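**Student:** Mind folding the following:
(2 chains)
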Amino acid sequence: MAQINWRTINIDALDPDSSTNFDLSSLTPHIEAISTSEIQQVGGQIRQLLRGGNAEGALQAALENVPYGGDADGKAQHATVVSECLNSIRATEMSPLLSRLYSSQNGSELCDTLMKYLYKGMAQGAVSKPAAGGNSHGARNVSGAGGFTQAGGRNFGSSEAGGGMSVFLSWMEKLVEMVGPGSIVRVMSDRRTV
Amino acid sequence: MSTAPEIHHLFHAPIPDHSFSADRSTLAVARDTNIELYHRTGKTFKLQDELRGHDKTITGVDIAPHSGRIVTCSQDRNAYVWEPSPTGEWKPTLVLLRINRAATGVRWCPNESKFAVGSGARIIAVCYFEEENDWWVSKHIKKPIRSTVTSVAWHPNSVLLAAGSTDGHARVFSSFVKGIDERPEPSVWGERLPFNTVCGEFLNPTAGWVHDVAFSPSGDALAFCAHDSSVTVVYPAGADQPPQAVISVSTQLLPFTSLLWSSETELVAAGYDCGVYRLSGDTSGWQLTGSLEEAKKERPGLEQREESALNMFRSMDLKGRSGGAATEDTKLKTVHQNSISTVRRYEEGGGKVARISTGGVDGRVVVWTL
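**Tutor:** As a prediction, the model looks like this:
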């Protein structure tokens, strides 16, 4: 008889009822897979619209063509495109633009997608800040606690992530005024991530 | 709408489920591991009896309108059927559900021959009384449920059963039991329906947990509310055809936990916003039409303390409030002070529901006039 170590058998993989064999894709309707090149194409078109001055159209196009089926890189690229659109729209134009977006056909879904990108943008800001602070410390090699905090403080003030965050926050304020907490709940419960 | 809601603040504990008897004089309320029976005396409800038997929190209670039997289910994986006796005592009968996880909710079917219990074991136990053994027996509906069943609702023909689950799907099953049920009329949900046939499976694009499901009064439409703050209404077309219409209404409010049809074209839903809302529509579209609460005006006679500078600074220092006496922000503006857990029919007339009752986490049972 073969010497099988019974204790190393992964019983969960063999049990059809176990949670490891739960097919998570059955929880959402079917999502088409999108290749990264398609996402780049769409990104290029949106950037063209932006250069042409049509920020509203660019944002609408970006929110309609969400790459739910793409891989992590593709999704990150599309998120960069969306944040470019958001950055290029002036603060005074935000509210009228949002109300036009909401009242358009499919408006509430577009607003939910915008909310998802806002949360994603804010999450990325949090990740890049400590990393940038760490780099600065390594470059300076000044000993002492005082030197480190000085470097950290200076970096936060001038980093791109710090500046970008306020854009997301102001968008978030205007959006929540229009769509309410229902949209935030949808962002948290939706399995299709951006 | 002009009559004020009847508020009964029973105790300071959450009410997971409540049920009124047929004459509305008895109210059964689930309170932790016991059922409290309240009897109406005049305008209030007084505690009359307590049904003890469960070991863990009771999650569902339902009173059958005709026979007066009470069925309860709890997290201890059991269900009891309580029969009223002439002396006023309640005799419990244990029902073997054969589930290995908590039961989440129970409902009698319209003709009271069966009841369905949803559970965390990914099973719905449909229980019926077997005469020869004098015993309640359960049959399981398993496939294709992938996760906890949160709610069950019966079709008027007592054979079709809708179930909402945390896998984001609302499904319609046939629970036809040979010997207990008569063959149902063919309906838009299907024709020959053996036990455990799936007559329909519906999913929201955002796929949040389904909190509650309900059939329309005629049985030809199904509504469910999910945790993604939406209400979806499905109009089926026929047995194997795609549905006539699936309309999803995304709301701006917090999710609803319970809903019911007040007529063929109107829904009443309540949830984490602590208020009751109406939705109306038909196969072409549905929308949120408003709340049952009246806008609370400032009650001028009540809190008339001096608006002196001293009081304002004192309240800022003491309570961190800068509004002085005018802002009453320790209470919610809605009648319920915490989320609502169930909405049930109270009074019906002419095919429409005239009054509904809601029970919430704040320990209140409120009867609303629609």
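
**Student:** and the one residue in chain B that gets nearest to chain A, backbone torsions?
**Tutor:** Minimum separation of chain B from chain A (Cβ to the nearest Cβ) falls at residue B:252, amounting to 3.2 Å. Glycine gets a C-beta too; all of them are placed from N, C-alpha and C. The phi/psi pair for residue B:252 (degrees, to the nearest 10) reads phi -90, psi 0.

**Student:** so it sits right up against residue A:181, yeah?
**Tutor:** Yes - counting by Cβ atoms under 8 Å, residue B:252 touches residue A:181, with 7.3 Å between them.

**Student:** Residues in contact with both of those two, list them for me.
**Tutor:** The contact sets of residue B:252 and residue A:181 overlap at residue B:229 (Cβ atoms under 8 Å, 6 or more residues apart in numbering or on different chains).

**Student:** quick one on the thing from earlier: determine the number of other residues adjacent to the residue of chain B closest to chain A.
**Tutor:** Using other Cβ atoms under 10 Å in any protein chain shown as the criterion, residue B:252 is surrounded by 17 other residues.

**Student:** next one: residue A:25
**Tutor:** 10.

**Student:** quick one: it is in a strand?
**Tutor:** No - according to DSSP: H, G, I helix; E, B strand; the rest coil, residue A:25 belongs to no strand; its state is helix.

**Student:** Show the pLDDT at residue B:239.
**Tutor:** The per-residue pLDDT reported for residue B:239 equals 75.

**Student:** how about it, secondary structure?
**Tutor:** Secondary structure, three-state DSSP: residue B:239 is coil.

**Student:** from memory it sits against residue B:187, does it?
**Tutor:** No - Residue B:239 is beyond contact range of residue B:187, at 9.2 Å (criterion: Cβ under 8 Å).

**Student:** okay, those two: which has more neighbours?
**Tutor:** The neighbour comparison of residue B:239 against residue B:187 (other Cβ under 10 Å) goes to residue B:187, with 20 against 15.

**Student:** Would you mind listing the residues in contact with the nearest residue to that one once chain neighbours are set aside?
**Tutor:** With Cβ to Cβ, 6 or more residues apart in numbering or on different chains as the criterion, residue B:187 has its nearest non-adjacent residue at 6.4 Å, and that residue is residue B:219. Neighbouring residues of residue B:219 by Cβ under 8 Å, 6+ apart: B:155, B:156, B:157, B:160, B:187, B:189.

**Student:** The second one: how many residues sit nearby?
**Tutor:** Residue B:156 sits with 17 neighbouring residues when counted by other Cβ under 10 Å.

**Student:** In the chain, mark out all the helices, start to finish.
**Tutor:** I went with chain A, as the question did not name one. For chain A, applying DSSP state H gives helices covering A:11-14, A:36-51, A:55-64, A:72-88, A:91-103, A:107-140, A:145-158, A:160-189.

**Student:** To clarify, I was referring to chain B.
**Tutor:** Under DSSP H, chain B gives helices at B:309-319.

**Student:** Alongside chain A, which residues does it contribute?
**Tutor:** B:146, B:167-168, B:203, B:205-209, B:226-230, B:250-255 (Cβ under 8 Å from any Cβ of the partner chain).

**Student:** can you pull the buried residues of the helix or strand of chain B with the lowest mean pLDDT?
**Tutor:** Least confident element among the helices and strands of chain B, by mean pLDDT, DSSP states H and E: helix B:309-319 (a mean of 80). Neighbour counts over helix B:309-319 (16 or more other Cβ atoms under 10 Å in any protein chain shown) mark B:312, B:315 as buried.

**Student:** Equivalent analysis for stretch B:112-129, please.
**Tutor:** By neighbour count on 16+ other Cβ under 10 Å, the buried set for stretch B:112-129 is B:112, B:114-129.

**Student:** try stretch B:281-298
**Tutor:** Residues of stretch B:281-298 classed as buried by neighbour count (16+ other Cβ under 10 Å): B:281, B:286, B:288, B:292, B:293.

**Student:** Looking at those, which are in strands?
**Tutor:** B:281, B:286, B:288 (DSSP state E).

**Student:** Double-check the second one against residue B:250; I have them as touching.
**Tutor:** No - between residue B:286 and residue B:250 no contact is recorded; they are 10.9 Å apart, counting by Cβ under 8 Å.

**Student:** So in chain A, where's the weakest helix or strand by average pLDDT?
**Tutor:** Within chain A, no helix or strand scores below helix A:145-158, which has a mean of 44 by mean pLDDT, DSSP H and E.

**Student:** you'd agree residue B:114 is up against residue B:130?
**Tutor:** No - look at residue B:114 against residue B:130 with Cβ under 8 Å: they stay out of range, at 11.4 Å.

**Student:** residue contacts, the closest residue to residue B:35 other than its chain neighbours?
**Tutor:** Spatial nearest neighbour of residue B:35, excluding adjacent residues (Cβ to Cβ, 6+ apart): residue B:51 at 4.0 Å. Applying Cβ under 8 Å, 6+ apart to residue B:51 gives the contacts B:28, B:34, B:35, B:36, B:37, B:70, B:72, B:80, B:82, B:90, B:92.

**Student:** One more: residue B:58?
**Tutor:** Neighbours of residue B:58 in contact, by Cβ under 8 Å, 6+ apart: B:16, B:17, B:30, B:31, B:32, B:33, B:34, B:35, B:72, B:73, B:74, B:75.

**Student:** do the same with residue B:331
**Tutor:** residue B:337.

**Student:** how near is it to residue B:338?
**Tutor:** Distance of residue B:331 to residue B:338, computed by Cβ to Cβ, to the nearest Å: 11 Å.

**Student:** Please work out how many residues are found near residue 166.
**Tutor:** Using chain A. Applying other Cβ under 10 Å, we find 10 other residues in the vicinity of residue A:166.

**Student:** Switch to chain B, please.
**Tutor:** Residue B:166 is flanked by 21 other residues according to other Cβ under 10 Å.

**Student:** Which residue comes closest to the residue of chain A found nearest chain B once chain neighbours are left out?
**Tutor:** Using Cβ to the nearest Cβ, residue A:180 is the residue of chain A that sits closest to chain B, at 3.2 Å. Among residues not flanking residue A:180 along the chain, residue B:252 sits closest, at 3.2 Å (Cβ to Cβ, 6+ apart).

**Student:** That's all I had, so thanks and see you.
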